[in-house]
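**Q** What follows is a protein structure lacking sequence information:
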């Protein structure tokens, strides 16, 4: 079921799954607060929950699976500082409707402040579209043509911002997600770096946790999936997601700094 970012639709979907008596529900809450009653109803019906990128106060969750966006956002700030030196950067942040976006936005801002990266302006891509990101970059092009770098909270925004680049405006773009449409731009050097969230590995962790819940087996409360840096040196190793999803896999974990990471290599 796909709520298409509509909390009302997701609540209806959850209620339907509870009525069907499914054995486990994997859910990526659009709005955790809005869906809280429906998630609580699943608990009351004895249906385990496996969540994606969401921690929820109240309902019991068997496991939460999350990409290591904190690493990507912090490393993104450091890469930009290496690229721009004393230059200024702009940040295209995501709308704070999802916990994962909030974590990413906050980590980038905090790391930039810590290392002294000059973030001249931060704008939010409310529509999460390339066109909206292009409009933000075009405004910077007019107002701050010497802007040396751009951070984008997802590759959709990076692709949009890249459309504003020309001989008079060429900031280095660093992004996150590893979306297929960004890969050719990394190959061309238009996008300097992105970080692959390894969606296939996230799927593996979700499937493992769901099966563990059905079988009554404990799994880590939080499973962190590492991200992979994609730049000029590594883009040749990129394998499209469609070619990864059918591969056999095993699930193993390792502890790092108090967090449980999925072993992906």
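**A** Cool, the structure landed. Keep in mind that this is a model prediction, so the values were computed, not measured.
**Q** Confirm residue 11 sits in a strand?
**A** No - secondary structure of residue 11 (DSSP: H, G, I helix; E, B strand; the rest coil): helix, not part of a strand.
**Q** right, and it touches residue 34 too?
**A** Yes - the pair residue 11 / residue 34 is scored as a contact, 6.8 Å apart, by Cβ atoms under 8 Å. (C-beta placed from N, C-alpha, C; glycine too.)
**Q** Those two: which is more packed in?
**A** Counted by other Cβ atoms under 10 Å, residue 11 and residue 34 do not tie: residue 11 has more neighbours, with 21 against 13.
**Q** residue ranges of the strands in the chain, please?
**A** 25-27, 49-52, 63-67, 88-93, 118-124, 149-152, 172-174, 194-196, 222-225, 228-230, 253-256, 259-262 (DSSP state E).
**Q** measure the nearest residue to residue 169 once chain neighbours are set aside to residue 216 for me?
**A** Excluding its sequence neighbours, the residue lying closest to residue 169 (Cβ to Cβ, 6 or more residues apart in numbering) is residue 141, at 4.4 Å. Residue 141 is 57 Å from residue 216, where distance means Cβ to Cβ, to the nearest Å.
**Q** In terms of packing, which of those two has more residues around it?
**A** Between residue 141 and residue 216, counted using other Cβ under 10 Å, the more crowded position is residue 141 (18 against 8).
**Q** give the contact list for residue 134.
**A** By Cβ atoms under 8 Å, 6 or more residues apart in numbering, the residues touching residue 134 are 160, 161, 163, 164.
**Q** Top of these by number of neighbours, please.
**A** Counting neighbours by other Cβ under 10 Å, residue 161 leads the contacts of residue 134 with 29 neighbours.
**Q** correct me, but that residue touches residue 137?
**A** Yes - the pair residue 161 / residue 137 is scored as a contact, 4.1 Å apart, by Cβ under 8 Å.
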